[in-house]
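1. give me the fold of what follows.
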Amino acid sequence: MTDQYPNTCNVKGGLVTVIYKFTHPADNLYVEIIENHKYFSAIIDQEMLSELNQLSEEKRLKRSYEAKLVLSFENILDWGGGSGNVSEEVKVYNYSRASTVDKKLIRSDDELKKIAEELQEGDPWETLNEDPYEPKGRYLIFGEIHSIDDFIESNKKV
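-> Okay, here's the model as predicted:
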């Protein structure tokens with residue numbers, strides 16, 4: 001167990017992706033900032049990990065990234081990644097294509113790519129942390145698990 005947090009375990013892994021999600025419903029935009037790290041660690045509650053009941057978005061990300069483990073930041077007590085060699089990518093999508101959305105707000109792939117490039121040119125964090133962008137979730141995606149300290153090995157749900 002970690003000294004700082006009782007009843008926790010430290011998950012260490014490699015090929016880690018961190019995804020930050022934002023929406024701008026008025027402009028019909030959905031934005032992801034994707035960071036890739038060589039290694040990462042997270043301290044999580046042991047009970048949460050042993051009873052891991054992932055939400056549909058976590059399950060989707062696990063399949064999409066062929067990941068070993070996906071954690072929402074809601075379940076992470078502390079985290080840290082390796083310094084250096086972090087790549088960052090911005091992806092922009094239409095928030096909705098429903099018939100109720102103003103057709104002028106449904107953008108082509110080229111228009112979405114241009115918005116992503118504009119965000120990437122500046123500081124995307126500065127823009128996305130302002131209104132009217134709304135944070136919608138953060139996820140830690142482990143491509144490899146190197147160790148799970150102080151965890152009961154008999155748990156096969158992970």
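2. so Lys113 lies in a helix, does it not?
-> Yes. Under DSSP: H, G, I helix; E, B strand; the rest coil, Lys113 sits within a helix.
3. which of the helices or strands spans the nearest residue to it once chain neighbours are set aside?
-> Distances taken as Cβ to Cβ, 6 or more residues apart in numbering put Val92 closest to Lys113, at 7.6 Å, once the chain neighbours are dropped. C-beta here means a position set from N, CA and C on the backbone, and glycine is covered the same way. When secondary structure is defined using DSSP states H and E, the element that contains Val92 is strand 87-94.
4. so in that sheet, which strands flank that strand, and in what orientation?
-> strand 29-45 (antiparallel) (DSSP bridges).
5. following the chain onward from the strand it pairs with, which element is next?
-> Along the chain past strand 29-45, the next helix or strand (assigned with DSSP H and E) turns out to be helix 46-50.
6. summarise which helices and strands that next one is packed against.
-> Contact partners of helix 46-50 among helices and strands, from 3 or more Cβ pairs under 8 Å, 6 or more residues apart in numbering; DSSP states H and E: strand 8-24.
7. try 10 Å this time
-> Counting contacts by 3 or more Cβ pairs under 10 Å, 6 or more residues apart in numbering; DSSP states H and E, the secondary-structure elements packed against helix 46-50 are strand 8-24, strand 69-72.
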